[in-house]
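> Turn this into a structure:
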Amino acid sequence: MFPNPISPPAIDIIHILIRATYSIQREFETKLAALDIPYHISGPRLRLLSIVSEAGKIRMNELASKLGVKPRTVTDFIDALERDKLLVRIPDPTDRRATLIQLTELAQSSIDQVLALQTDIAESILEDLPSEQRKQFYALLLQLIENKDLSIPSKDAFK
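Model (predicted):
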């Protein structure tokens, strides 16, 4: 893999990671634009919408936990996505004090297209990596996130 037996400097590794991330993000944004979805649905917004889509209906505190953010921050995210008509708040039938979040029909049809596109891009990028290397790569990236608490997006990322 790495031709030099000496380990590369940490900054070189981070620069490669940033370049790879930027390249993947650009490809995704370019192909997403071709879908002609009339609103911004990428990055952190896509992550939030994906979690809600998978859950069907979800309480805001549970959503906050899955995103790794504070419940108050989720409220700001939800407000922005509700303004875009992508999410709705509904009463929790089991607890009058609680609110559930669910996707609108508009969001559900769009999220399905976007997730399919995302899957195609991911497979295309990783197609040359054998299964064992994919597992190692995944484990290393998880280790980076867990060791440095890199999983929490900024509050403004969802607006």
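> Over to Arg19. Which of the three states is it?
Here Arg19 is recorded as helix under DSSP: H, G, I helix; E, B strand; the rest coil.
> burial measure for it, as a count.
10 (other Cβ atoms under 10 Å). Any C-beta I mention is one placed from the backbone N, CA and C, and that applies to glycine too.
> Could you do Leu115 as well?
15.
> Hmm, it is touching Leu49, no?
No. Contact criterion Cβ atoms under 8 Å: Leu115 and Leu49 do not qualify, at 9.2 Å.
> From Ile24, how far off is Gln133?
17 Å (Cβ to Cβ, to the nearest Å).
> Same question for Ile18.
Counting by Cβ to Cβ, the gap from Ile18 to Ile24 is 11 Å.
> More neighbours: those two, which one.
Using other Cβ under 10 Å as the criterion, Ile18 and Ile24 rank with Ile24 on top: 13 against 10.
> what sits against the more buried one?
By Cβ atoms under 8 Å, 6 or more residues apart in numbering, the contact set of Ile24 is Ile121, Ile125.
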